[in-house]
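[1] Sequence isn't available, so here's the structure alone:
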């Protein structure tokens, strides 16, 4: 009592304590596998739910890669926090790629049109110059037009090559 401690003494049969200890050990050993199984199932379900948005992003990226449909987007509403920011970034990247591809299509169409016109002129002038009743002066004039259009095409192709290098 002087040091603030109290001692309690009791008497107990050792056979009863051993039996109680054995019972507790059996209960612990039988519950341990059940608790481990419950923890594993719970962990699996929580992990599956947490990674569902990541799996959906992967599926969308796979669908875009295999199908070529660049207009597909990752749903942002299912994701939260960092995953939602990742989905927004991914969709922004897809928007940028889609915009670039559309610009490239438009540029290709414009370049094709710009090349088609001189080629049509070259073909028409070549056919005109090859006519049997064409005079020497008409043939020379047709060749001059072909040369001029050839220079235009050459300049246009050089510009296209310079643009593709930059």
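    In hand now; what should we look at? Given the structure is predicted, the values throughout are model-derived calculations rather than measurements.

[2] And the residue nearest the centre of the chain?
    residue 61 (4.2 Å; CA atoms, centre = their mean).

[3] Which pLDDT value belongs to that one?
    The model reports residue 61 with a pLDDT of 84.

[4] now residue 44
    95.

[5] What is the neighbour count of residue 81?
    Per other CB atoms under 10 Å, the neighbour tally for residue 81 reads 8. C-betas here are computed from N, CA, C, even on glycine.

[6] give me phi/psi at it?
    Dihedral angles of residue 81 (phi, psi; degrees, to the nearest 10) stand at phi 60, psi -130.

[7] For the protein, give the helix that spans the most residues.
    Across the chain, the longest stretch assigned as helix under DSSP state H is helix 82-129.

[8] Enumerate every residue touching the residue nearest to the centre of the chain.
    74, 90 (CB atoms under 8 Å, 6 or more residues apart in numbering).

[9] host element of it?
    Assigned by DSSP states H and E, residue 61 belongs to helix 52-67.

[10] Name the secondary structure element that contains residue 31.
    Using DSSP H and E, residue 31 falls in helix 14-50.

[11] For residue 130, give me phi and psi.
    Per degrees, to the nearest 10, the backbone of residue 130 is at phi -90, psi 0.

[12] Do you know the pLDDT at it?
    At residue 130, pLDDT is 87.

[13] That one - how many residues pack around it?
    Using other CB under 10 Å as the criterion, the residues surrounding residue 130 number 10.

[14] the inter-axis angle of the helix-or-strand element of the chain with minimal mean pLDDT versus helix 82-129?
    Least confident helix or strand of the chain, by mean pLDDT, DSSP states H and E, is helix 52-67 with a mean of 85. Helix 52-67 runs at 10 degrees relative to helix 82-129, counting by axes from the mean of the first three to the mean of the last three CA atoms, to 10 degrees.

[15] and helix 52-67, how far from the chain's centre?
    7 Å (CA atoms, centre = their mean, to the nearest Å).

[16] got the angle for it vs helix 14-50?
    Using the same axes, to 10 degrees: helix 52-67 against helix 14-50 is 40 degrees.

[17] In helix 52-67, which residues are buried?
    Under the neighbour-count criterion of 16 or more other CB atoms under 10 Å, helix 52-67 has 53, 56, 57, 60, 64 buried.

[18] Just give the number of residues close to residue 152.
    Residue 152 has 16 nearby residues by other CB under 10 Å.

[19] Now name the helix or strand holding it.
    helix 136-165.

[20] Show me what that helix is packed against.
    helix 82-129 (3 or more CB pairs under 8 Å, 6 or more residues apart in numbering; DSSP states H and E).
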